[in-house]
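Asks: pasting the sequence and the predicted coordinates here, then a few questions.
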Amino acid sequence: MRSVRIIILFLMVLCVTFQSCHPRISLSGASIPEEAKTVSVGFFTNNTTLGAPSLSQRFTEKLRDVVSQQTRLALIKQNADLQFEGYISDYNVAPIAILSTDQAAMNRLTISVQVKYTNKFEASKNFEQVFSRFADFKSTENIAAVEADLVTEIYRQITEDVFNRAFNNW
């Protein structure tokens, strides 16, 4: 009889302990406030003079995909609990490996995106930051021929950086 009382007491303490805990769990390891139910990703305009007209749409869709696939949050158009907005601030192609005075062996495409993140529940997590990544290609390749693949890879890296900064405190 005494052992039954001890077991019941143990179970009651265990229940109370777990009831007071509010773990934040996600498959990606992201730390998202429990109160947050929605996220919005505003349209990222292209404020550069170079690059394809589709740069804005591609980046916006990629960030929306990453956020919706890696969190439990509902994606809405505006006024969400967590919000992303910004613009593409730089698109640059420059030589990086020079063979001779007038020829480069490699070129580098660099894209920078200005991101503003707003968290309605934890203002200390808000940020405004430029994220920049690059991809290299041979100078014998025409940028128009390789641009789509380079932009895809750069956007993958930038959206990963943005996600980690917003949800993983990196």
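Replies: In hand now; what should we look at? Numbering: from 1, shown residues only.
Asks: name whatever forms a beta bridge with Ala94.
Replies: Ala94 forms beta bridges with Arg108, as assigned by DSSP bridges.
Asks: and it, what pLDDT?
Replies: We have a pLDDT of 93 for Ala94.
Asks: these two touch, right, it and Arg108?
Replies: Yes - with contact defined as Cβ atoms under 8 Å, Ala94 counts as touching Arg108 (5.6 Å). Using the backbone N, CA and C atoms, a C-beta is placed for each residue, glycine as well.
Asks: so which of the two has more stuff around it?
Replies: Legend: neighbour count by other Cβ atoms under 10 Å for Ala94 and Arg108, higher for Arg108 (16 against 10).
Asks: pull the contacting residues for the more buried one.
Replies: Listed by Cβ atoms under 8 Å, 6 or more residues apart in numbering, the contact set of Arg108 reads Val93, Ala94, Pro95, Ile96, Phe134, Ala135, Asp136, Phe137.
Asks: from these, list just the buried residues.
Replies: Buried residues within the contacts of Arg108, counting neighbours by 16 or more other Cβ atoms under 10 Å: Phe134, Ala135, Phe137.
Asks: for the residue nearest to Ala166 when sequence neighbours are not counted, which residues make a bridge with it?
Replies: Among residues not flanking Ala166 along the chain, Tyr117 sits closest, at 4.9 Å (Cβ to Cβ, 6 or more residues apart in numbering). Taking DSSP bridges as the rule, Tyr117 bridges to Phe84, Phe127.
Asks: roughly how far does Tyr117 sit from Ala52?
Replies: 26 Å (Cβ to Cβ, to the nearest Å).
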